[in-house]
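Student: Output the structure for:
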Amino acid sequence: MEEQKIRVLIAKPGLDGHDRGAKVIARSLRDAGMEVIYTGLRQTPEMIVEASLQEDVDAVGLSILSGAHNALVPRVITLLRENDMGDVPVFVGGIIPSEDTVALIDAGVTAVFGPGTRMDVIAATIRKAVAERA
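Tutor: Residues are numbered from 1 along each chain as shown. Next up is the predicted model:
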């Protein structure tokens, strides 16, 4: 029996228009054997959670370079919890100050990946979190 692929949603919340990093991550995760759904630019937390529900994802990755992570990420986590998806691991990538990383983890983020994080580390972290969820 074939093992089911991990389904990861990659989203760009807020008004951040820089999506190169999100596309690199999406491609890398796909190359690592995951099924990736990329929502595109300028997604609201509501749009991200709706797509997560519709696609029945195993993990959510948020790429943020705009500095709005302290407002947008907790809103996504709250909406996931309100929609019985509170156990879905949420990952954040982008330029996140270290003091904000602690607050994001406290809010429920599984891991924060900064610039230069190796792709194999990101894939392994997602695999581990999804396996722990099961």
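
Student: Which stretches in this protein count as strands?
Tutor: In the chain, the segments counted as strands under DSSP state E are 7-11, 35-38, 59-64, 90-94, 111-113.

Student: Make TSV out of those and add mean pLDDT, distance to residue 77 and mean neighbour count.
Tutor: Where you see a C-beta, it was placed from the backbone N, CA and C, and this is true even at glycine. Formatted as TSV, these follow (pLDDT from 0 to 100; distance: least, CB to CB, whole Å; neighbours: other CB atoms under 10 Å):
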stretch	mean pLDDT	distance to residue 77	mean neighbour count
strand 7-11	98	13	25
strand 35-38	98	18	18
strand 59-64	97	9	26
strand 90-94	97	6	23
strand 111-113	98	13	21
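
Student: Quick one, which of those gets closest to residue 131.
Tutor: With CB to CB as the measure, strand 59-64 is the member of these nearest residue 131 (10.9 Å).

Student: so who does residue 86 touch?
Tutor: The neighbourhood of residue 86, defined by CB atoms under 8 Å, 6 or more residues apart in numbering, consists of 77, 80, 108.

Student: Beta-bridge partners for the most centrally placed residue in the chain, please?
Tutor: Nearest residue to the geometric centre of the chain (CA atoms, centre = their mean): residue 61, 1.1 Å. Per DSSP bridges, the residues bridged to residue 61 are residue 10, residue 91.

Student: Tabulate the strands of the chain (TSV), appending distance to residue 120.
Tutor: TSV is the format used below for the strands of the chain (distance: least, CB to CB, whole Å):
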stretch	distance to residue 120
strand 7-11	15
strand 35-38	16
strand 59-64	15
strand 90-94	15
strand 111-113	12
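
Student: Out of those strands, flag the one nearest residue 123.
Tutor: Nearest to residue 123, of all those, is strand 7-11, at 9.5 Å by CB to CB.
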